[in-house]
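Participant: Everything below, folded, please.
(one chain, ligands or ions: 1)
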Amino acid sequence: MTQQNTDTDNYLKCREAEQTHVCAQCGGNLNTIWNAEKNNYVLRCANNAEHRGGKRKETDIEVIKRGEASTVIGRGVQENIEKYWQEIPSANPLLPKADTATGVVISSEQMQGMVKFAESVNLKAYLGHVCLYFGKPYVTIDGYYYLKNVLGYKFAIATAPMTPEERVSYMVAEGSHAYLARALTRGGDEIARGIGIVTAEEINEPSKKHPDQFASPVVHNKPQIMAEKRAEWQLMQKIIPLGVKPKPEEEQPEKTLPDTERAEKDIATFFER
Ligand SMILES: [Zn+2]
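Facilitator: I've put the predicted structure just below:
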């Protein structure tokens with residue numbers, strides 16, 4: 001008989017995730033339940049106990065960046081917002097103002113370069129689809145989600161903190177925040193994964209310019225969210241091709257693997273802990 005798990009830490013983490021995450025497969029609420037088999041608290045989709053995986057709740061801004069406003073908020077909303085921001089770029093809060101890594105203000109030449117780069121991969125700089133990182137343009141997580149929608153990929157993205165076993169197999173140092181992001185078919189099978197780690201050194205790294213401040217306040221204050229986003233970004237960057245033009249609606253093939261019985265293999269998510 002296994003010993004009763006009295007680790008309230010996991011319970012609290014699950015309760016916290018109820019507020020910040022939804023079911024990766026249907027977008028429904030998550031509930032914390034006791035799983036006797038796992039001897040631990042786990043998260044379950046409120047709509048369907050078979051569903052696997054959680055994902056970050058989308059903010060309104062993320063909905064717009066991902067091109068989903070007309071579906072989520074109301075008909076024509078996405079088109080209206082995009083038209084407005086194209087006409088009045090100065091009012092657009094989604095255009096990055098500074099280099100993500102260095103904080104240096106983006107010059108107008110750099111901005112032109114970002115706009116060109118975004119167009120070359122069928123994305124829109126005015127929707128925040130690209131950022132500048134040490135002077136080089138990169139596609140953002142929301143840019144990749146936009147492409148996923150445009151290209152008709154049906155897989156779900158699920159994220160979860162690494163389990164103790166996963167931390168060992170990925171050789172994660174103590175004190176680091178570590179997440180796994182998984183692309184799941186509708187049947188719940190994993191087709192790809194990304195890892196995201198924020199190390200203890202990074203969290204407390206002082207700024208070179210202002211040693212009394214942190215090098216990255218975002219990393220310092222929200223290391224777990226940064227680790228989760230890094231995992232998502234790495235996964236998206238692996239599986240979403242850049243520069244592919246979507247085919248007309250009727251020619252679009254189904255891009256996921258066919259629905260299969262959910263494999264009983266360990267898809268380690270919150271649910272499997
Ligand atoms: Zn669900």
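Participant: Contacts only, for residue 115.
Facilitator: Contacts of residue 115 were listed using Cβ atoms under 8 Å, 6 or more residues apart in numbering, and they are residue 125. Just so you know, the C-beta spots here come from the backbone N, C-alpha and C atoms, and that holds for glycine as well.
Participant: Quick one: mean pLDDT for the helix or strand harbouring it?
Facilitator: Element membership for residue 115 (DSSP states H and E) is helix 108-120. In this model, helix 108-120 has a mean pLDDT of 94.
Participant: Which positions within the helix or strand following it qualify as buried?
Facilitator: Where DSSP H and E defines the elements, the next helix or strand beyond helix 108-120 is strand 130-133. Buried residues in strand 130-133, defined by neighbour count with 16 or more other Cβ atoms under 10 Å: 130, 131, 132.
Participant: Stretch 168-187 now?
Facilitator: 172, 176-187.
Participant: Filter the residues you listed down to just the ones in helices.
Facilitator: Applying DSSP state H to the buried residues of stretch 168-187, no entry is found in helices.
Participant: Dump those into TSV; add distance to the ion and pLDDT as well.
Facilitator: As requested, the buried residues of stretch 168-187 are exported to TSV (distance: Cβ to the ion, whole Å; pLDDT from 0 to 100):
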residue	distance to the ion	pLDDT
172	29	96
176	30	95
177	26	95
178	25	96
179	20	96
180	19	96
181	17	97
182	15	96
183	16	96
184	11	92
185	14	89
186	11	83
187	13	82
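Participant: Format those residues as a markdown table; extra columns: distance to residue 105.
Facilitator: Listed next are these as a markdown table, based on distance: Cβ to Cβ, whole Å:
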| residue | distance to residue 105 |
| --- | --- |
| 172 | 35 |
| 176 | 31 |
| 177 | 29 |
| 178 | 33 |
| 179 | 31 |
| 180 | 35 |
| 181 | 31 |
| 182 | 37 |
| 183 | 36 |
| 184 | 40 |
| 185 | 43 |
| 186 | 44 |
| 187 | 47 |
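Participant: which residues does whatever residue of the stretch 151-273 of the chain ends up closest to the ion bridge with?
Facilitator: In the stretch 151-273 of the chain, the residue that lies nearest the ion is residue 156 (9.4 Å; Cβ to the ion). Assessed by DSSP bridges, residue 156 has beta-bridge partners residue 184.
Participant: Contacts only, for it.
Facilitator: Contacts of residue 156 by Cβ under 8 Å, 6+ apart are 24, 25, 53, 55, 183, 184, 186.
Participant: Now with 6 Å, please.
Facilitator: Contact partners of residue 156, counting by Cβ atoms under 6 Å, 6 or more residues apart in numbering, are 24, 25, 184.
Participant: before we move on, what about residue 167?
Facilitator: residue 178.
Participant: can we see that at 10 Å?
Facilitator: 161, 173, 174, 176, 178, 197 (Cβ atoms under 10 Å, 6 or more residues apart in numbering).
Participant: Leaving out the residues flanking it, which one is nearest to the residue nearest to the spatial centre of the chain?
Facilitator: Nearest to the mean C-alpha position of the chain, by Cα atoms, centre = their mean, lies residue 232 at 4.0 Å. Nearest in space to residue 232, with sequence neighbours left out and distances taken as Cβ to Cβ, 6 or more residues apart in numbering, is residue 181 at 4.6 Å.
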